[in-house]
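**Q** No letters, just coordinates:
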């Protein structure tokens, strides 16, 4: 038996190819970058609203959806303009 149980190198090889593919998509797509940015922004906003106001996670999540979503759209537009201007 090898050093890794249960075919771990195969899993890591697959994950490496998966990650490489995801990062290639993100590098080439304004929309993908905007989705990653917006998702992170929503999570961060939800945590901040939850801790600063003591609101429930449901309420904090609802509040956190509005501003980051608008910022995500703004980011997408800026990134598209940046890509076009290159």
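**A** Arrived safely, thanks for sending. Because the structure is predicted, anything quoted here is derived from the model rather than measured.
**Q** from here on, contacts and neighbour counts on C-alpha atoms
**A** Fine.
**Q** Next one, pLDDT for residue 11 please.
**A** At residue 11, the model reports a pLDDT of 54.
**Q** correction: residue 78
**A** So, for residue 78, pLDDT stands at 91.
**Q** Packing partners of the host helix or strand of residue 43?
**A** Per DSSP states H and E: residue 43 is located in helix 30-53. Using 3 or more CA pairs under 8 Å, 6 or more residues apart in numbering; DSSP states H and E, the elements in contact with helix 30-53 are helix 8-28, helix 57-85.
**Q** Any idea how far it is from the middle of the chain?
**A** 8 Å (CA atoms, centre = their mean, to the nearest Å).
**Q** pretty sure residue 41 is in contact with residue 70, am I right?
**A** No: Residue 41 is not in contact with residue 70 according to CA atoms under 8 Å; the separation is 10.7 Å.
**Q** and those two? which has more neighbours close in?
**A** residue 41 (19 against 12; other CA atoms under 10 Å).
**Q** quick one: contacts of stretch 38-52?
**A** 55-57, 60-61, 63-65, 68-69, 71-72 (CA atoms under 8 Å, 6 or more residues apart in numbering).
**Q** what about that stretch, average pLDDT?
**A** 89.
**Q** circling back to that earlier point, looking at the helices and strands packed on helix 30-53, which has the lowest confidence?
**A** For the helices and strands packed on helix 30-53, where the average pLDDT is lowest is helix 8-28, sitting at a mean of 63.
**Q** and the closest residue to residue 72 other than its chain neighbours, how many residues sit next to it?
**A** Leaving aside its sequence neighbours, residue 72 sits nearest to residue 38 (CA to CA, 6 or more residues apart in numbering; 4.9 Å). Neighbour count of residue 38, defined by other CA under 10 Å: 22.
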